[in-house]
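[1] could you work out the structure for the sequence below:
(one chain, ligands or ions: 1)
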Amino acid sequence: MTHLQGPERAHYVQGMFARISGHYDVMNRLMTGGRDLAWRRDVIRLANLGPDARLLDVATGTGDILIEALKQHPDVQTVGSDFTFEMMTRGKPKAGAEHIAWNTADALHLPFPDESFDAVTSGFGVRNFIDREQAFREQRRVLKPGGRVICLEISKPPKNLLRPFFLFFFNKIVPFVGGLISGQRDAYTYLPQSVNEFLTPDELKIIMERAGLREVTYKRLMMSTVAIHVGRK
Ligand SMILES: C[S@@+](CC[C@H](N)C(=O)[O-])C[C@H]1O[C@@H](n2cnc3c(N)ncnc32)[C@H](O)[C@@H]1O
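    Numbers count the residues shown, from 1 in each chain. So this is what the prediction gives:
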């Protein structure tokens, strides 16, 4: 997969998420030990949503970030956007998802007018994008002045004593368990490949700044293997 570039890579990613959509949530819980739920709560707190805010979640998948947003702020207007229809189909019947407006779109070309959202979130989406700076430029474009972009993502494992354990976990355990649960082992070799290619929190911060976001900060989670970045327009 790593040899694929540009639209071919995007096409591969889309097909892979379509195939694993039925097992995605359960794998998420297993791989993070359920911690992803707490991270999503953090993402919404950091979005700092006011009354009747409009929130866009890019690469929303099965919609868990927006379901969390609606729990914290029942009056928030939520739009979930993803280019894999099958992932969103899995999200629609979930409890709490009935108020989400679902939208099939590529994160690199969002079909929304300028300055139409108070906050834009994404969870585990950015590492899949073939042009990350363009994705953040789009998020910035649709954001109202003063609004926030919040990005939850896996980071390149830091060079410390735990690094071999993380690499073993991502490279061996995840494909094995993912294969057992979904019968799609190749799909779960994509995750370690995309993590090995992924960025340090500082590298991601620079990309967000290049896309025009300001005051970019991040917090590290899960022994620095996950980070939440926040930037402002
Ligand atoms: C790992 S899942 C994350 C789902 C969800 N945000 C979560 O937190 O669980 C990545 C999602 O990104 C979507 N995705 C990847 N590249 C995309 C793109 N260029 N445009 C829109 N969605 C994309 C995939 O379809 C998939 O649903």
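[2] surely Gly212 and Arg140 touch.
    Yes: counting by CB atoms under 8 Å, Arg140 is a contact partner of Gly212 at 5.1 Å. (Glycine included, C-beta is placed from N, CA and C.)
[3] out of these two, which sits in the busier spot?
    Set Gly212 next to Arg140 and count neighbours by other CB atoms under 10 Å: Arg140 wins out with 21 against 14.
[4] what mean pLDDT does the helix or strand harbouring that one have?
    For Arg140, the host element (DSSP states H and E) is helix 132-142. The average pLDDT for helix 132-142 rounds to 98.
[5] is the ligand within reach of that helix?
    No: counting by CB under 6 Å from any ligand atom, the ligand is not contacted by helix 132-142; separation bottoms out at 7.1 Å.
[6] now stretch 115-124: buried residues?
    Ser116, Phe117, Asp118, Ala119, Val120, Thr121, Ser122, Gly123, Phe124 (16 or more other CB atoms under 10 Å).
[7] ok, stretch 200-212 next?
    For stretch 200-212, by 16+ other CB under 10 Å, it's Pro201, Leu204, Lys205, Ile207, Met208, Ala211.
[8] in a markdown table, list those along with secondary structure, distance to Ile20 and pLDDT.
    Shown next, in a markdown table, are the buried residues of stretch 200-212 (DSSP: H, G, I helix; E, B strand; the rest coil; distance: CB to CB, whole Å; pLDDT from 0 to 100):
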| residue | secondary structure | distance to Ile20 | pLDDT |
| --- | --- | --- | --- |
| Pro201 | helix | 27 | 95 |
| Leu204 | helix | 24 | 97 |
| Lys205 | helix | 30 | 98 |
| Ile207 | helix | 27 | 98 |
| Met208 | helix | 28 | 98 |
| Ala211 | coil | 29 | 98 |
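[9] and of those, the nearest to Pro51?
    Nearest to Pro51 among the buried residues of stretch 200-212, counting by CB to CB, is Met208 at 27.1 Å.
[10] rewinding a little: overlap of the contact sets of Gly212 and Arg140?
    Shared contacts of Gly212 and Arg140, defined by CB atoms under 8 Å, 6 or more residues apart in numbering, are found at Lys233.
[11] how much space separates the residue nearest to Met16 when sequence neighbours are not counted from the ligand?
    Among residues not flanking Met16 along the chain, Ala187 sits closest, at 4.7 Å (CB to CB, 6 or more residues apart in numbering). Per CB to the nearest ligand atom, to the nearest Å, Ala187 is found 11 Å from the ligand.
[12] what strand or helix carries Ala187?
    helix 185-196.
[13] wait, doesn't the residue nearest to Met16 sit right on Ile181?
    No: here Ala187 does not reach Ile181: they are 10.7 Å apart, not a contact under CB under 8 Å.
[14] and these two? Which one has more around it.
    Neighbour count, other CB under 10 Å: between Ala187 and Ile181, Ala187 has more, with 22 against 15.
[15] okay, and for this structure, where does confidence drop off?
    1-3, 192, 194-196 (pLDDT under 70).
[16] close to the ligand: what parts of it are there?
    10, 13-14, 17, 28, 59-61, 64-65, 82-84, 87, 106-108, 123-125, 128-129.
[17] quick one: which of those sit in strands?
    Counting by DSSP state E, the part of these found in strands is Asp82, Gly123.
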